[in-house]
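J.: Just a sequence and a predicted model for now, questions to come.
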Amino acid sequence: MLQRLIGGVLDHPRTVLVGWAALVLLALLGVSQLRVDFSSASFYGDDAAELAELRSSTARWGPDDRTLALVVHAPDDMLSDAGLDGLAALEHAVATAPSVVSTTSLASATGPGSTSLQTQWADLDAPERALVRSALHASPAVPLFLSEDHHDAVVQLELDRSTDDLAAAVEAVGAVRDALPPAPTGWTMELAGVPAIRAAFFALTVRDQALLGPLALVIAVAGLFAFTRRLQVAAVAAVGAGVPPLLLAGAMGLGEIPVGLLTQALFTMLPIIAVADTVHVVLRVRSLAASTQHRATERAVIEAAMADIGWACGLTSLTTALGFASMVFADLPLLRAFGLWAAAGVLVAYLVVLTLLPVVLSALDVGVGAPSGSAVLRRLARASVSRPIVVVLLTVAALAWSLHAAQSVVVDNHLGALLRPDHPVRQAGSTLDTKLGGTLTLSVERDHAEGLADADASELRSLVASTPGVRAVEPVQRDDDGVRVVAHIPDIGGIAFADLEARLDHTLAEQGWTTRTTSTASVAYRGVNRITSALRISLAFVLLVVLGVVALMFRSPGLALRSFLPNVMPLLLGYALVGAASLELDPIGVVILAVALGIAIDDTLHVLAGFASARARGLGRADAAVDAVATRGHAIVITSVVLVAGLSVNALSAFPPLQVLGTLGATVIALAMLADITLLPMLLAWPARPSEALGSRTESGSRAEGPR
């Protein structure tokens, strides 16, 4: 079937090229319409209960994500004439920004009378100022507006819109930055808070998309050129790696599907994933050309190579797509969109291999390669097969260590972790969290409180303020339907924030209060905290499906079981290395484990395909295992190196979770390569059980012309 398909493609090369050219032009049109959306709705979906509750609160009280903080540090006491005058000047300057509707700071806070503290301060004598200092420290003003040591203060700016729309956040924060006056001598100031983090993150993400996607493509192409020293090979790789992400981006643009928090990673990952099958095809063409002493552009060579390797590439594309598609079971739109679009990209990449690459290979001479495989890999596989006890002991030791180290891995998310630790906005946020009121808020609301006495409302506020982790509480707010207390909380992470909210709910319920808690931070952290459990299900699903596909396609449950350990072990080791390095793993970065499993199984499948082909030629289990690694291992090493290099590009991202995603993914892929060329051949060489006889089904290429 593959030979007939490839033959049909080669019979009509112009038609194929015109068709693909039309698709590329259409994709370019779609790319021009592509947009970015990191809003709450894109993250959780319009029907999420948490989001509906937040929107109800927002309709009553206004958005809680529109408060921008200007964090100020001074070497001298800010509770002084100079300090209060400086804060008042800052307020006056930023109030001119078109997006600012109100400003509040220590200077504009109401003093002992009805006027601002700055206005009254100059008329107070020393004893009166001491009383004011004591009163401030007993009030929410410290740390809401002023730090305990009086060297840090914050000007709170209320914006005219929610910053859930990142484009609005960028515009509003940019207008405030333009309005900032020069800092007084010795003072430093920087914007912080949710709007500032979102705006900075959005700007850096746009930069990442413009840089990292093309860089990943260049690495994939340069990697093949480095291994083969032929520009034609690099050109073929450019087609195989460049067309799929372009079509994916075009489809998203034409379908008005925005790029989200996770789907942005596809444009750095897909070129690397797509080039893997291209590498196997090119190296098989070069090998057949050397064996038959024909040119690599000849039709017989291309047909034989595609028939020989196309089935294995199809199987690897299927398992990789299944790995991504397994995320459809997650209840977060963020994960579902990532999984489905990634699966579509992988299948498009295989379509490129079957239809476009044969035509390109017939026009570009990729040269000849080693027909008998790698001698180094052959010796390595032979050593593994001949020393099973050593391999088993090393494997058991690695598993034992990884299971121990994995216990110390902390999977958590911080809003500030959207930015690098050295980013000025994140550093200002750290000051806001440790010395002032905190970056986040939590709203405690009670409906139908018409008859609620002021004393009862004060009791509610006191209960909220006494909750461990709450740094400050605003005065009680009332409307026609109820009351609200807003608690200010540092960016303590998703797990700790959820625990604090649960403790607060429990405390209020024990005291007889019927309330509900919500905020942008609460909705965000609830969703992110669910990612980890969703990925566990995804990993288990893809592993079971892959094992089932291997058992079905090779008609050998034994081969499926033997492929289990070489693919699970790299995941465990990579995860354990995170714990050994005492790193915090963002739940978004954990996505790479599901992705890496889908990618890692690819190399295993190519070894299994080579093993089945060698067994069909009459080789024993040990010889077949060695031959499979020797003949298929060269392509496996090249694809793994390219994958590792390409995923490592994400280490340059300004988004720390993507840095973790790239680094962890590269580590797992490298470990998977080592497992496939050392552990897998030993497992394949084990004596066959009576019920484990291979079926007659081998690679479809076993019927193709050309040497085996």
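T.: Sure thing, it's come through. Note that the structure is predicted; figures quoted are calculated from it, not measured.

J.: Can you list the buried residues in stretch 345-357?
T.: Across stretch 345-357, burial judged by 16 or more other CB atoms under 10 Å covers 345, 346, 347, 348, 349, 350, 352, 353, 354, 355, 356, 357. Placement of C-beta: from N, CA and C, glycine included.

J.: Residue 515 touches residue 443, doesn't it?
T.: No: with contact defined as CB atoms under 8 Å, residue 515 does not reach residue 443; the gap is 9.7 Å.

J.: residue contacts, residue 38?
T.: 166, 198, 201, 202, 205, 260, 261 (CB atoms under 8 Å, 6 or more residues apart in numbering).

J.: Spatially, which two of the residues you listed are the most separated?
T.: The distance between the two most remote of those (CB to CB) is 14.1 Å, for 198 and 260.

J.: Please identify which of these two sits among more neighbours.
T.: Taking neighbours as other CB atoms under 10 Å, residue 198 and residue 260 compare with residue 198 leading, 25 against 21.

J.: Helix, strand or coil: sort out that one for me.
T.: helix (DSSP: H, G, I helix; E, B strand; the rest coil).

J.: just residue 318 next, same as before
T.: Residue 318 ends up helix, using three-state DSSP.

J.: what about it, neighbour count?
T.: Count around residue 318 with other CB under 10 Å applied: 20.

J.: Find me the pLDDT at the closest residue in space to it that isn't next to it in sequence, would you?
T.: Once flanking residues are discounted, residue 318 sits nearest to residue 549: 6.7 Å by CB to CB, 6 or more residues apart in numbering. Looking at residue 549, its pLDDT reads 75.

J.: Hmm, residue 549 is touching residue 317, no?
T.: No: when contacts are counted by CB under 8 Å, residue 549 is not listed as touching residue 317 (11.4 Å).

J.: who's more crowded, those two?
T.: Neighbour count, other CB under 10 Å: between residue 549 and residue 317, residue 317 has more, with 26 against 17.

J.: So for that one, what's the nearest residue that isn't a sequence neighbour?
T.: Per CB to CB, 6+ apart, closest to residue 317 is residue 350, 3.9 Å.

J.: Can you show me the strands along the stretch 551-700 of the chain?
T.: All strands of the stretch 551-700 of the chain, identified by DSSP state E, counting those that start in this stretch, fall at 584-585.

J.: repeat for the chain
T.: 67-73, 100-104, 152-159, 188-192, 410-411, 440-447, 472-473, 477-478, 482-489, 516-518, 584-585 (DSSP state E).

J.: among those strands, which is nearest residue 567?
T.: strand 584-585 (20.2 Å).

J.: counting contacts, what elements does that closest one pack onto?
T.: Packing partners of strand 584-585 (3 or more CB pairs under 8 Å, 6 or more residues apart in numbering; DSSP states H and E): strand 410-411.

J.: let's see it at 10 Å
T.: strand 410-411, helix 564-580, helix 656-674 (3 or more CB pairs under 10 Å, 6 or more residues apart in numbering; DSSP states H and E).
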